[in-house]
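Trainee: Sequence first, predicted coordinates after that:
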Amino acid sequence: MIVTITLNPCIDKSTTAEKLFPEAKLRCSSMINEPGGGGINVSKALKKLGETATAVFPAGGHNGEMLKGLLKKEDIPFYALPAAHETRENWVILETQTNNQYRLTFPGENTNEETLQQVITKLKELKPEIIVASGSLPPGLPVNAFAQIAHTAKQLNSHYVLDTSGEALRAAADVGVFLLKPNLSELSRLIGKDKLNDEEVNEAANEIIQKGYAEAVAVSLGAGGALLVTGHFRERVIAPSVKKQSTVGAGDSMVAGMVYQLHKGKTFSEMIRLGVSCGTAATMNPGTQLFNPSDVYRLYEEINLQSGKAVTAPVS
């Protein structure tokens, strides 16, 4: 069983306008509402790949009811834990004249620690083989929220995959997880550096492994693809060249691709290649849409042709 955790879920609202001007009435296209937040996006992406992942998240107010309704419409299983506050919303506006995308992300309302304990209780009840936590922490939750989930994952002997940032990432890394997915700036901060050049990325990822922060590190390199490093394996995958429309959901799509392969018992090589394929395919669609599976598998074939066959043993 795969469970995704979203501590700061949202309604993603997307629209288009020909040109953005200050102090002017802008004529926009009809608003599209979609269920969002890191873990929820991972559940949505896994469903596109044909895999079921149960989403666990707090939900409150009108937006919380809308979020549940949207997930039911997409036939995604979930446990919505009651929250006293209104679930947040984020906005994406595409300026059609320039193809520039404007992303307005809001912090969410204060969340009490009781909500986190409800999440942990639900995890103990479900006992999933894989736990995926992705996204930001809402105001009010302690910085060690993802670290508390890491302790729970160890108790359950679950593979814990984490995609977050800042002090929340540091606190969870100190406990140790199965897979971390930092970008370059997050990787730099984890090892105490201001920034890393391309030649230092391998060494930094190895340092993360040696410190026991994770068993595997997938470093997101944006248009440059990704690097996956373990104690016995390393592979850099270059992202195929595509026409980019939006980067919203690309990181969560990459996580979904890796988790899909992990759940299927595939190799680390197959994990990172499908992860990059999913992340790249997600950039080909506008707004908050994720990927088309046909694009994913076409890109996956392209990556395999460029990189050669997978050679590592299956992940245990």
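Mentor: Arrived safely.

Trainee: what's the burial count for residue 103?
Mentor: Neighbour count of residue 103, defined by other C-beta atoms under 10 Å: 14. Quick note: C-beta positions are derived from backbone N, CA and C, even for glycine.

Trainee: That one is in contact with residue 90, isn't it?
Mentor: Yes: counting by C-beta atoms under 8 Å, residue 103 touches residue 90, with 7.3 Å between them.

Trainee: Touching, residue 19 and residue 94? I think so.
Mentor: No: using C-beta under 8 Å, residue 19 is not in contact with residue 94; the gap is 11.2 Å.

Trainee: Of those two, which one has the most company?
Mentor: Using other C-beta under 10 Å as the criterion, residue 19 and residue 94 rank with residue 94 on top: 20 against 12.

Trainee: how much space between the more buried one and residue 129?
Mentor: Per C-beta to C-beta, to the nearest Å, residue 94 is found 38 Å from residue 129.

Trainee: Point out the other helices and strands that the helix or strand hosting residue 147 packs with.
Mentor: Per DSSP states H and E, residue 147 falls inside helix 145-156. Here helix 145-156 touches helix 113-126, strand 130-134, strand 159-163, helix 166-175, strand 177-180, going by 3 or more C-beta pairs under 8 Å, 6 or more residues apart in numbering; DSSP states H and E.

Trainee: how about a cut-off of 6 Å?
Mentor: Contact here means 3 or more C-beta pairs under 6 Å, 6 or more residues apart in numbering; DSSP states H and E; on that basis helix 145-156 packs against helix 113-126, strand 130-134, helix 166-175.

Trainee: got the angle for it vs helix 166-175?
Mentor: Going by axes from the mean of the first three to the mean of the last three C-alpha atoms, to 10 degrees, helix 145-156 is angled at 20 degrees with respect to helix 166-175.

Trainee: In helix 145-156, which of the residues would be classed as buried?
Mentor: Across helix 145-156, burial judged by 16 or more other C-beta atoms under 10 Å covers 145, 146, 147, 148, 149, 150, 152, 153, 156.

Trainee: swap in stretch 42-53?
Mentor: 42, 43, 44, 45, 46, 47, 48, 49, 53.

Trainee: so where's the chain uncertain?
Mentor: Along the chain, segments meeting pLDDT under 70 span 287-288, 308-316.

Trainee: where along it do the helices fall?
Mentor: Taking DSSP state H as the test, the helices found in the chain are 38-48, 61-73, 113-126, 145-156, 166-175, 184-190, 201-210, 250-263, 268-282, 293-307.

Trainee: Let's have those helices in TSV, adding distance to residue 99.
Mentor: Converted to TSV, those look like this (distance: least, C-beta to C-beta, whole Å):
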stretch	distance to residue 99
helix 38-48	22
helix 61-73	27
helix 113-126	38
helix 145-156	35
helix 166-175	30
helix 184-190	25
helix 201-210	30
helix 250-263	16
helix 268-282	16
helix 293-307	19
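
Trainee: Who does residue 12 form a beta bridge with?
Mentor: residue 34, residue 90 (DSSP bridges).

Trainee: can you count the residues close to it?
Mentor: Residues near residue 12, counting by other C-beta under 10 Å: 26.

Trainee: ok, how many other residues are close to the nearest residue to residue 222 once chain neighbours are set aside?
Mentor: Residue nearest to residue 222 in three dimensions, not counting chain neighbours: residue 183, with 7.4 Å by C-beta to C-beta, 6 or more residues apart in numbering. Other residues lying near residue 183 total 15 when counted by other C-beta under 10 Å.

Trainee: from here on, count from 55
Mentor: That works, and once the first residue is 55, the last one we named lands at residue 237.

Trainee: Could you give the bridge partners of residue 237?
Mentor: For residue 237, the beta-bridge partners under DSSP bridges are residue 274.
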